[in-house]
Every structure is written in C-alpha cells, then in structure tokens.
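>>> structure for this input, please:
(one chain, ligands or ions: 2)
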Amino acid sequence: MRMKAAVLHAYNEDMVIQDVAIADPKDREVLVRIAATGVCHSDLSASKGKSRAKLPLILGHEASGVVERVGSAVSKVRVGDRVILSWAPNCGQCFYCQKRFPTLCDVYGFAAGRGGLWDGTSRLEAQSGSIHHYSCVSSFAEYAVVPETGCLPIGEDVPFEVAALVGCAVTTGFGAVVNDARVEPGDTVGVIGVGGVGINAIQAAALSGAEMIVAIDINGDKEGVARSFGATHFLNPNTCDVTDAIKSLNRGRGADSVIECTGRPTAISAAYDCIRPGGIVVSVGIAGREEMVALPASTLPNTQKRVAGSNYGGGIPERDFDRILGLYRAGKFDIDRQIGKRIALEQINDAFRWLEQGVLARTLVCFDH
Ligand SMILES: [Zn+2]
Ligand SMILES: [Zn+2]
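Ligands and ions are numbered 1, 2, ... in the order given. Have a look, this model is predicted:
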C-alpha cells in the first residue's frame, strides 16, 4: 500500500512530505490508520540527531488510530478497534519484562536500535530505499505498522486527540509522580519545566493529594497554565533562588520530591539541592549524550537522598493508559485543555518550530481519512 508520510532525510533539515510504500503487517503486527499524533520534544531532539536515530526516518511516537489490518497471529486487537500506540512495546518474556521493567524490554531495545520492528527490519520503503521506523511507531504518516503489543484498544468514548496525548506526554508525567516519586497526601512536590510532561506531573501530584506543588520554569508566561493545572506556587529561577524559596515554603525542610522535566544538568543538581533528606529527584527530561551531572557526593549517604531515572512513567505503560483514561472519563484528569493547534501533515515542519519557541499546548497532526 502507498501512503503520504513526512520523511526526515538529514538532521537539522525540514522533513519532506512524500509518497512511501508500507508493507502488510507480519504475523504479530498490526496496520493502524493514524487518526491523531502529537508533536513531542523527543521528535524534535531526534530530528537534530541527538538520539542518533538512523536516517532516513519517519518520526512521530505519540499517536492514536484505528486498526486497519492484523497479522495472522494477532489476538489482542481486531480490525476497526480504536487504539493508542505505545512507543515502548514489550515482549513480556525477556529479562527486563520478567523483572517488571517492560519499558526496558530487550526485544524492543533491539528493534528500536535498528530502526525496525521486532525482527529489526522495516516495513517502510521509498524509491530511494528502506526507511527506518522510530520507536516502533512512526506516526507522522497516514498509516503505521506496529507490533501487536504496541496497541491498546480504548473504546468509543475517548477522542483521538486525547488518546494520542496519553500515548506519551500524559503517561510520562503521570507515571513519574505515581510510580517513581510515589507522592503521598500532604507532600511538597517541585516540578521543573512546565511543558507537555510537566503539566501532567503537576496534575498527578494534585490528584495524589500533594499539599504544595511548586512549578518551576524560566518562562514566567507559564505561571498561569501551571496554576490552572494545580500548581500552588510558581518560581522563576531567573528571578529567585529556587532552593531557598522551596525551603522557606515548608519550614526549611525542602521538597519531598522534585520531578525534573528539562534534562538540563544544572536543573538536576538544583533539584537535588531542593529535596529534603530522604527525598527523591525523578529525572524525566533527556539531557545531551555528553552531559554530566555534578552532585555533592559526601551528602549522598548521610542525607539518604535519591536520584531516580524515569522512562515512560516508570510503570507498565498499557496499564497506566487505562488508569489515566479512567480518571479522564471521571472528569478528574484534564487532557482536553492540553490540545493545542490541529494541523495537517504538510505543516509538520512549522509545528517543530513552534515547539522550539515554547508553545504552551500540544500541536497535533490530525488525519481526515
Ligand atoms: Zn514523546
Ligand atoms: Zn521484553
């Protein structure tokens, strides 16, 4: 089958909208007609070569759609199902899946490293040759072939735009708070970086009963949106000493947890300074490959502070999709307000530029099949 897709041929250059052949799904694969796909910072980073993704490449990993065709051995979804796509599908069998770290799945790691699907090969081809998959999704295209375990059926009542955002930013922010920081009622929580992930960390902290939720961002314009999603305080590191300010808020003790969403090494060490003894820094933002974090090493044993990495919300993404959609249906988790501009695939390069400029709500590419 042929389709329209946005193909990245060179880092730091615009993607090209072109005709691409997409192969039939193999035994345990599913062909999905993409309905909506968000434009996420990880796509932007990959387009600049920061994740060293193999070229040529179709980006896009935060998506929803409808099952169009299934491979012969597929049992989890049926043609016509509305689904969320996962950018870290898992095999359920390997060392990490057995250890309950499905986002670290070895089989997925092999596939993503090759820029292919489970067997490492691609289903995408242009006249110039094979095109790589991105995180087993590649949703900046009319269709995607994905592993069966990479789609979760969602029923009829969830809008496609909402489902797409649950596929990355929402689950990442929610899980960092619920699975990794394990925020408790009465906690003081800092969230550094009020973006697609940070907003969801703020919401999840509020839902978990945090007493104080301190949003931290160098862009003062983000205060309003941070507060509207549940932040009780807003600090701008350019105009105040964040560590002093947080300590003065809670009797000199420091935050119980800080969710760091920017990936800046200086922000990670600042987060460490902001937490109380026994507290935790959850590192979600992606730093550059060569960057290092400096911490006052002597304080690690006697303060019992912890620094933990969080990938895709640190839990089981498919389970968390369901939990989040349940909260959304109950009116307790606001995803509608996170939806920004809806654009056609042809505007994808503009959407990348808006993201770089710090657009507040998520831009979504929507397909009108
Ligand atoms: Zn993402
Ligand atoms: Zn696995």
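>>> would you map the helices across the stretch 101-250 of the chain?
Along the stretch 101-250 of the chain, counting by DSSP state H, counting those that start in this stretch, helices occupy 106-114, 160-165, 171-175, 196-207, 223-228, 242-249.
>>> whichever residue of the stretch 201-350 of the chain sits closest to ligand 2: how many residues sit nearby?
Ligand 2 sits closest to residue 316 of the stretch 201-350 of the chain, with a gap of 11.8 Å, by Cβ to the ion. Quick note: C-beta positions are derived from backbone N, CA and C, even for glycine. Applying other Cβ atoms under 10 Å, we find 19 residues neighbouring residue 316.
>>> likewise for residue 360?
Applying other Cβ under 10 Å, we find 16 residues neighbouring residue 360.
>>> and if you look at the one 4 residues further on?
The burial count assigned to residue 364 is 25, neighbours taken as other Cβ under 10 Å.
>>> that one: what secondary structure?
Following DSSP: H, G, I helix; E, B strand; the rest coil, we place residue 364 in the strand state.
>>> how close does it get to residue 174?
In this view, residue 364 and residue 174 are 19 Å apart by Cβ to Cβ, to the nearest Å.
>>> to what extent is the residue of the stretch 101-250 of the chain found nearest ligand 2 buried, counted in neighbours?
At 3.2 Å from ligand 2, residue 105 is the closest residue in the stretch 101-250 of the chain, using Cβ to the ion. For residue 105, the count of nearby residues is 22 (other Cβ under 10 Å).
>>> and if you look at residue 298?
Count around residue 298 with other Cβ under 10 Å applied: 8.
>>> what's the answer for the one 5 residues further on, then?
Neighbouring residues of residue 303 were enumerated by other Cβ under 10 Å; the total is 16.
>>> what does residue 301 give?
Using other Cβ under 10 Å, residue 301 has 8 neighbouring residues.
>>> try residue 353
Residue 353, neighbours per other Cβ under 10 Å, totals 11.
>>> ditto for residue 120
13.
>>> so it touches residue 112, yeah?
No - counting by Cβ atoms under 8 Å, residue 112 is not a contact partner of residue 120; they are 9.8 Å apart.
>>> for residue 151, which non-adjacent residue is spatially closest?
Nearest residue to residue 151 in three dimensions, chain neighbours excluded: residue 83, at 4.0 Å (Cβ to Cβ, 6 or more residues apart in numbering).
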